[in-house]
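Asks: Here is my input; please provide its structure:
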Amino acid sequence: ILLDKDGKRKHTRPTFSGQQIFALEKTFEQTKYLAGPERARLAYSLGMTESQVKVWFQNRRTKWRKKHAAEMATAKKKQDSETERLKGASENEEEDDDYNKPLDPNSDDEKITQLLKKHKPGGGGLLLHPPEGETSA
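Replies: Model (predicted):
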């Protein structure tokens, strides 16, 4: 028995054996909440008090909720980033509609040049009209 500086009994944290923790975890996998008789049976079989089992389950549920909330937040972030990626891809597809449409024979050279620059590195190296004074071969 440990005493504090005033001579009162000091509360110590119980340490559970590996077997006790294993049994508690296995039970927790099956059910997150224990009713009174179930808790009493488990406590008796593990050599623990009902209060210890009750508090262990409370603490374990808190840990489980935090982990579950973190997993949900991670999944939501992943889903949001995928939605953004798909949204960005669809915006690019909309921009590419001009590129994929047949060219109007009356469209100006500037529009064609912009489309080529946008989709080909270095403007595609295609000259629509030779510079003044030159002829195409």
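Asks: quick one: which helix or strand includes the spatially most central residue of the chain?
Replies: The chain has residue 74 as the residue nearest its centroid, 2.1 Å off, counting by CA atoms, centre = their mean. Element membership for residue 74, per DSSP states H and E: helix 50-100.
Asks: coming back round to it: the residue nearest to the centre of the chain and residue 55: what is the separation?
Replies: Counting by CB to CB, to the nearest Å, the gap from residue 74 to residue 55 is 29 Å. C-betas here are computed from N, CA, C, even on glycine.
Asks: Look up how far residue 52 lies from residue 41.
Replies: From residue 41 to residue 52 the distance is 14 Å (CB to CB).
Asks: Compare the two (neighbour count), which wins?
Replies: residue 52 (17 against 13; other CB atoms under 10 Å).
Asks: Nearest residue to that one in space, please, no chain neighbours.
Replies: In space, and not counting its chain neighbours, residue 52 is closest to residue 14: 5.9 Å by CB to CB, 6 or more residues apart in numbering.
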